[in-house]
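Colleague: Need coordinates for the following:
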Amino acid sequence: MKMDTKKIMATFAILMIALGIAGFAYAHWTETLTLNGTVKTGSLCLEWSFTAVLPDSNLKDLDGDGYKDDPVAKLTYTITDTDKDGCKDELNVTLENAYPSLWVNGTIDIHNCGTIPVGIHGYNYAINDPKGIANGIELNPWPKAYLVDPTGKETVIILEDWIAKVNQLDPGWSLKCSFNVHFGENTPEGATATISAWIEFWNWNEL
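Modeller: As a prediction, this is how the structure comes out:
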């Protein structure tokens, strides 16, 4: 007796549907591959530090107590965390009662307290100086610059060359500049000047 193939296939299909409805399942093996990913971005964060020293000759006996312990010129400064990221990004310096022949020596330090390398993208300054105090100020000698590694080791650099050829400050490193300011004989009397300067840093691979 010759079998009808079409009837056999139809019967098999109906049987499979019936088994599915009845909840019948065939035994099988299984294995699942799982991928989990986490991305954490770094932080671009820098901060100032600052020191300045006035000469011993700035101390006079102004109160008449027999001791030269009263400063004629007075230097104060504050460092503030303006964006609340844990790093002090704004430096405000005030020098009061400056006079001709006064010297001010100190250092300004820029520390990379973030987690990625940075470079200097741009910088600028603005001066409000109606009586020309800046005309009487001399930088003598030209400020020295240092790269300071996380252990505190200093390497002398030429700042302009470093910016042009390297311009990368790694996390934990600092860029320190020494300065020596002299108020010359052209310093005007009874004058006030305000100077604002800013440096913009970008992540190093965008420069």
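Colleague: where does this structure have low pLDDT?
Modeller: Where the chain drops to pLDDT under 70, the residues are 1-4, 6, 12, 15-26, 140-143.
Colleague: and residue 202, that one's in a strand?
Modeller: Yes: with DSSP: H, G, I helix; E, B strand; the rest coil as the criterion, residue 202 is assigned to a strand.
Colleague: show me what contacts the spatially most central residue of the chain?
Modeller: Nearest to the mean C-alpha position of the chain, by C-alpha atoms, centre = their mean, lies residue 46 at 2.0 Å. Residue 46 sits next to 87, 89, 110-114, 118, 201 when contact means C-beta atoms under 8 Å, 6 or more residues apart in numbering. (C-beta placed from N, C-alpha, C; glycine too.)
Colleague: One more pass at 6 Å, please.
Modeller: Contact analysis of residue 46 by C-beta atoms under 6 Å, 6 or more residues apart in numbering lists 110, 112, 201.
Colleague: can you put those residues in JSON lines and add distance to residue 169 and neighbour count?
Modeller: Supplementary listing: the contacts of residue 46 in JSON lines, determined by distance: C-beta to C-beta, whole Å; neighbours: other C-beta atoms under 10 Å:
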{"residue": "110", "distance to residue 169": "7", "neighbour count": "21"}
{"residue": "112", "distance to residue 169": "5", "neighbour count": "23"}
{"residue": "201", "distance to residue 169": "8", "neighbour count": "21"}
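Colleague: Which of these sits closest to residue 186?
Modeller: Comparing these against residue 186 with C-beta to C-beta places residue 110 closest, at 30.7 Å.
Colleague: List the neighbouring strands of whichever strand or helix holds that closest one plus their orientation.
Modeller: For residue 110, the host element (DSSP states H and E) is strand 103-112. Applying DSSP bridges to the sheet, strand 103-112 is found paired with strand 46-53 (antiparallel), strand 174-183 (antiparallel).
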